[in-house]
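Quick one: sequence plus predicted model below, questions after.
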Amino acid sequence: MSDDGEFGPLSLHVPEPAVRPGGAPDFSNVELDEAGAIRRPEVDANPEDIRDLAFSIIRVLNRDGEAVGPWAGLLTDDQLIEGLRHMMTLRTFDARMQIAQRQGKTSFYMQHLGEEAVSCAFRKALAPGDMNFPTYRQAGLLIADDYPMVEMMCQIYSNERDPLKGRQLPIMYSSKEHGFFSISGNLATQYIQAVGWAMASAIKHDTKIAAGWIGDGSTAESDFHASLVFASTYKAPIVLNIVNNQWAISTFQGIARGGSGTFAARGLGFGIPALRVDGNDYLAVFAVAKWAIERARRNLGPTLIEYVTYRAGAHSTSDDPSAYRPKTESDAWPLGDPVIRLKNHLIGRSVWSDDRHKQTEAEILDTVVAAQKEAESFGTLHAGGKPSARDMFEGVYEEMPPHLRRQRQQAGV
Amino acid sequence: MPRKTMIEAIRDAMDIMMERDDNVVVFGEDVGFFGGVFRCTQGLQAKYGKTRCFDAPISEAGIVGAAIGMAAYGLKPCIEIQFADYVYPAYDQIVSEAARLRYRSNGDFTCPIVVRMPVGGGIFGGQTHSQSPEALFTHVSGLKVVVPSNPHDAKGLLISAIEDPDPVIFLEPKRLYNGPFDGHYDRPVTPWSKHDLGEVPDGHYTVPLGKAIKRREGSKLTILAYGTMVYVAEAAAEEHGIDAEIIDLRTLLPLDLETIIESVSKTGRCVVVHEATLTSGFGAELAALVQEHCFYKLEAPVARVTGWDTPYPHAQEWDYFPGPLRLGRALVETLEG
């Protein structure tokens, strides 16, 4: 150790969340703008003129459940009811699969609790042929595109009908047909791939756009920065989504965010328009997504969107959040619950009711349970039909090379 | 037949494929306007426009990651990493993404990309411009790994690689770009214009992936080599008067095991040579395969002659490089063993 020098010894700063288990939840650092307060610029606005949008939160639904301000009015009542059904379906699907994992029917599961609006609303702003490069918490992209739940469950169970032949972890779906790129499971790697896909679409003078997805924690990966460089350099037709759900497993978002005010602000250094939106507000998510998607489609380049939301459940079936944050923290989350907020909005518009909501919940549960029964008839991870060991050797290459043929023979399958 | 350098042959392969298939795109650091630091892409931007051949930011992970996305869209990117020594930031993209995309999506998405990169030493490049990382790629299921040793093969193999439906790591021994090199660094350089393998047919032709070739017939000993070491092997055999058979592997993954087994079964002796470091190098795989398949034909232990297990040094380049003297000693020992 050297002497204290002119300014005394140095010390290392390690950020801490506002509160730990045992403490009272504290979200006083989340600065909320009133619903309707943030302006809606023209889609072709100069990015330099809208830098402030990286530091506010665009919201549509106010405290009374009314849709207010310049980002409101884009969806019909029927569309909103459909959106509510999608979020409720995803929540029920999650609940059933979470239980199935606890029952030993699969090895692993990740639920969306509290984040349903983000992927469900975003999907509805896309057009057929557009491509998402999702992380593991955007299954709403599939649900809202009417991808068959039975297929999803068969993948989760790695059973004989698993479209991915048992090769991939549960919930790492893939569906080109539904604009859902194969989930890797490694973090941030697919953000730059999304940019590449978007560049390809532009190279071919196509009209399709791409959407990249990343979590708050993974923005620390170098792939994230590579993505922003490529997207801004080549003005790729892409929407770069950051889902800030406050927690990366046990690590609070301040560890990845560093000293900057917001994750959206990361885009500003690249000249990429960056918007922050209330991720628990279905109407706001849809409106901002639509704005960014139109921007991409009009060849105006990339947009960065930070969805401010809260992961109300565990990261996965492998962690217990009460070990790293107060148990009641999710109740204190100031942006509420996306399902309840949209439900109250629809009730306020007299197109929905508590009874209808309960009835819909029951219908959805029936549908999900029926799908689950069907999926389980094709097996679960440790029981019933499963992919053959032979499948393990297929698809490594288009054509099986001699060394894999020898190994398959050795394996006797 | 026209003679070309390996640089010209590689450029010719990309030119032909860009002409034939407008899904082929080429990019990398300094690759566009300037044509690459080794000039392999010279003229391609002028000919095909800057959306088919362009400069990339200095971000290897970005270059490979973007290429994977383009391939998922339906393009066939043939990208350049300026030196293999720079590929490590892209390793995750290659190993976890490109190599596994077909498998994990059950063919829903595929990744037909070619990642070209110069490898090997002999140019006083020090530890950051001389490495031979082939074993880091041959250990990865889902990749193909190619190392050409001459202009003719380089063109035919690169066309095969671009046409291949799976990701191909294409390693170009940079010391061979302008002529064969047998390790005699103190002798005048031979250009490809004076070597038969500098003869490169015009137009489209392929050299198949996964097929080795016999560069020299022999009966007493088999040398397994690839890239620059093919010429080192030729020189060592000549200079020591050894009746060696030299196999140029050309593709390391998938490997042409049949040709290896046939040769070693005939000669009963085998020396493996590569420029990369010894421990866990590709030579270990070759030696293991030879003993598995030819054990009862072997009359001597399989020998390995490689770079030392040190970083690639600068001033001591020729002490590191497994040249004809070091290889020659191993050949003699193996013959006497």
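Alright, I've got the coordinates.

wait, what's in contact with the residue nearest to B:Arg175 when sequence neighbours are not counted?
Leaving aside its sequence neighbours, B:Arg175 sits nearest to B:Gly122 (Cβ to Cβ, 6 or more residues apart in numbering or on different chains; 3.6 Å). Placement of C-beta: from N, CA and C, glycine included. By Cβ atoms under 8 Å, 6 or more residues apart in numbering or on different chains, the contact set of B:Gly122 is B:Ser130, B:Lys174, B:Arg175, B:Phe181, B:Tyr185, B:Thr228, B:Glu317, B:Phe321.

pLDDT value on whichever residue of the stretch 151-300 of chain A sits closest to chain B, please?
In the stretch 151-300 of chain A, no residue comes nearer to chain B than A:Gly196, which is 2.7 Å away by Cβ to the nearest Cβ. Listed pLDDT for A:Gly196 reads 98.

just to revisit the earlier point, now distance to A:Leu228 and secondary structure too, for the contacts of B:Gly122, in CSV please.
CSV is the format used below for the contacts of B:Gly122 (distance: Cβ to Cβ, whole Å; DSSP: H, G, I helix; E, B strand; the rest coil):
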residue, distance to A:Leu228, secondary structure
B:Ser130, 32, coil
B:Lys174, 32, helix
B:Arg175, 37, helix
B:Phe181, 42, coil
B:Tyr185, 45, coil
B:Thr228, 39, coil
B:Glu317, 39, helix
B:Phe321, 41, coil
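
From chain B, how far off is the residue nearest in space to the middle of chain A?
Chain A has A:Gln138 as the residue nearest its centroid, 3.8 Å off, counting by Cα atoms, centre = their mean. A:Gln138 is 16 Å from chain B, where distance means Cβ to the nearest Cβ, to the nearest Å.

go on, A:Val351?
Taking Cβ to the nearest Cβ, one finds A:Val351 at 39 Å from chain B.

quick one: what helix or strand has the residue nearest to the centre of chain A in it?
Assigned by DSSP states H and E, A:Gln138 belongs to neither a helix nor a strand.

Wait, it touches A:Ser119, no?
Yes: with contact defined as Cβ atoms under 8 Å, A:Gln138 reaches A:Ser119; the gap is 3.9 Å.

follow-up on the earlier one: out of the contacts of B:Gly122, which are buried?
B:Ser130, B:Lys174, B:Arg175, B:Phe181, B:Thr228, B:Glu317, B:Phe321 (16 or more other Cβ atoms under 10 Å in any protein chain shown).

Report the contact partners of the residue nearest to the centre of chain A.
Taking Cβ under 8 Å, 6+ apart, we find A:Gln138 in contact with A:Val118, A:Ser119, A:Phe122, A:Asn132, A:Trp213, A:Val243.

what about residue 233, neighbour count?
Picked chain A for this. Counted with other Cβ atoms under 10 Å in any protein chain shown, the neighbours of A:Thr233 add up to 18.

wait, chain B
Look at B:Ala233: counted by other Cβ under 10 Å, it has 30 neighbours.

Run a quick neighbour tally on the residue in chain B that chain A sits nearest to.
Of all residues in chain B, B:Gly69 sits closest to chain A, at 2.7 Å by Cβ to the nearest Cβ. The local packing of B:Gly69 (other Cβ under 10 Å) involves 34 other residues.

excluding its backbone neighbours, what's nearest it?
That would be A:Gly196: by Cβ to Cβ, 6+ apart, it lies 2.7 Å from B:Gly69.

what residues are up against the one you found?
With Cβ under 8 Å, 6+ apart, A:Gly196 has these contacts: A:Phe230, B:Gly65, B:Ala66, B:Ala67, B:Ile68, B:Gly69, B:Met70, B:Ala71, B:Ala72, B:Tyr73.

ok but the fifth one is inside a strand, no?
I take that to be B:Ile68. No: going by DSSP: H, G, I helix; E, B strand; the rest coil, the assignment for B:Ile68 is helix, not a strand.

if we can go back for a sec, which element, helix or strand, includes the residue of the stretch 151-300 of chain A closest to chain B?
Judged by DSSP H and E, A:Gly196 forms part of helix A:189-203.

and the longest strand anywhere in chain B, how far from the chain's centre?
Ranked by number of residues, the top strand in chain B under DSSP state E is strand B:270-277. Relative to its chain's centre, strand B:270-277 lies at 14 Å (Cα atoms, centre = their mean, to the nearest Å).

One more: stretch A:188-208?
For stretch A:188-208, the distance to the chain centre is 19 Å (Cα atoms, centre = their mean).

Which of the helices or strands spans B:Pro112?
Per DSSP H and E, there is no helix or strand for B:Pro112.

Now do it: how many residues are near it, please.
Residues lying near B:Pro112 (other Cβ under 10 Å) number 26.

mind listing what it touches?
Residues near B:Pro112 by Cβ under 8 Å, 6+ apart: B:Ala71, B:Lys76, B:Asp164, B:Pro165, B:Asp166, B:Pro167.

Excluding covalently adjacent residues, which one is nearest to A:Arg102?
A:Thr317 (7.4 Å).

Wasn't that neighbour part of a helix?
No: judged by three-state DSSP, A:Thr317 forms no part of a helix; its state is coil.

follow-up on the earlier one: which other helices and strands does the longest strand of chain B contact?
On a contact count with 3 or more Cβ pairs under 8 Å, 6 or more residues apart in numbering or on different chains; DSSP states H and E, strand B:270-277 meets helix B:134-138, strand B:221-225, helix B:229-239, helix B:282-294, strand B:303-307, helix B:324-336.

residues in contact with the second one?
Outside strand B:221-225, the residues that touch it by Cβ under 8 Å, 6+ apart are B:232-233, B:236-237, B:242-249, B:260, B:263-264, B:266-267, B:269-274, B:283, B:286, B:290, B:327, B:331, B:334-335.

would you put the C-alpha positions of that strand in PDB?
Written as PDB, here are the backbone C-alpha positions of strand B:221-225 (Å, rounded to 0.1, in the frame of the first residue of the first chain):
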ATOM      1  CA  LEU B 221       6.400 -42.900 -43.100                       C
ATOM      2  CA  THR B 222       3.300 -40.700 -43.200                       C
ATOM      3  CA  ILE B 223       3.400 -37.000 -42.400                       C
ATOM      4  CA  LEU B 224       0.100 -35.500 -41.500                       C
ATOM      5  CA  ALA B 225       0.200 -31.800 -42.300                       C
END
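
what mean pLDDT does that strand have?
98.

so what strands line up beside that strand?
strand B:244-248 (parallel), strand B:270-277 (parallel) (DSSP bridges).

I'd like to know which residues of the stretch 151-300 of chain B are adjacent to chain A.
Applying Cβ under 8 Å from any Cβ of the partner chain, we find that the stretch 151-300 of chain B lies next to chain A at B:Pro165, B:Asp166, B:Gly210, B:Leu253, B:Pro254, B:Leu255, B:Leu257, B:Glu258.

Alright, that wraps it up for me.
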